[in-house]
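**Q** heads up, no residue letters with this:
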């Protein structure tokens, strides 16, 4: 009796595994393509460009001022109008200004990255939500992102869910 029960359990397990493997449904979507089709992405990119251009221009203006001061100093030094002790002080000042410019550049890069996250983050959240809803509604086991290079090397019997996600996002 125990042997028959073990065989029946094994057969049931094989049947269960076989049915689960056949019932799996896979999909794929290129989130990069979808992202550029979302209207709010274009507005966010345009806003980010304005902010980026403003910050970069301010940094470049500051760098040009320091460069002009340095060139004026070099001209005076070469003309013999700057004593050696004063030249050493000025050189130290310019080294400090150079460090400050490097710090400013780092701050600008960080500020732009933060603003990008602030503007694009909600759009990515809505895209993720739409993909999850399509996945649940469509009974997908897995959905692959084909926008990541070499992340999906082969897909058989996979459904492109982009039209379904676009519908969720209201994109035509």
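**A** Received the coordinates, thanks. Computed from a predicted structure; not experimentally measured.
**Q** could you check how far the closest residue to residue 145 other than its chain neighbours is from residue 170?
**A** Nearest residue to residue 145 in three dimensions, chain neighbours excluded: residue 31, at 5.1 Å (C-beta to C-beta, 6 or more residues apart in numbering). Just so you know, the C-beta spots here come from the backbone N, C-alpha and C atoms, and that holds for glycine as well. Counting by C-beta to C-beta, to the nearest Å, the gap from residue 31 to residue 170 is 17 Å.
**Q** cool, and residue 89?
**A** Distance, residue 89 to residue 170, using C-beta to C-beta: 64 Å.
**Q** one more: residue 37?
**A** From residue 37 over to residue 170 (counting by C-beta to C-beta), the distance is 11 Å.
**Q** same question for residue 42.
**A** 15 Å.
**Q** same check, this time on residue 74
**A** For residue 74 relative to residue 170 (C-beta to C-beta), the value is 61 Å.
**Q** the more surrounded of the two?
**A** The neighbour count for residue 74 versus residue 170, taken as other C-beta atoms under 10 Å, is higher for residue 74 (14 against 10).
**Q** sec struct for that one, please.
**A** helix (DSSP: H, G, I helix; E, B strand; the rest coil).
**Q** ok, now which ones touch residue 29?
**A** 131, 143, 144, 145, 146, 160, 161, 162, 165 (C-beta atoms under 8 Å, 6 or more residues apart in numbering).
**Q** the residue nearest to residue 145 - how many residues pack around it?
**A** 18.
**Q** list the contacts of it.
**A** Counting by C-beta under 8 Å, 6+ apart, residue 31 has contacts 127, 131, 145, 147.
**Q** restricted to helices, list these.
**A** 127, 131 (DSSP state H).
**Q** so where is the chain shaky, pLDDT-wise?
**A** Residue ranges of the chain with pLDDT under 70: 1-23, 150-158.
**Q** go again with 50.
**A** Within the chain, the segments meeting pLDDT under 50 span 1-6, 8, 10-14, 153.
**Q** ok, back up a step: which among the contacts of residue 29 gets closest to residue 52?
**A** residue 145 (26.5 Å; C-beta to C-beta).
**Q** elements contacting the strand or helix carrying residue 85?
**A** For residue 85, the host element (DSSP states H and E) is helix 84-138. Judged by 3 or more C-beta pairs under 8 Å, 6 or more residues apart in numbering; DSSP states H and E, the packing partners of helix 84-138 are strand 26-29, helix 31-37, helix 39-78, strand 142-145, helix 162-169.
**Q** one more time with 7 Å
**A** Using 3 or more C-beta pairs under 7 Å, 6 or more residues apart in numbering; DSSP states H and E as the contact criterion, the elements in contact with helix 84-138 are helix 31-37, helix 39-78, helix 162-169.
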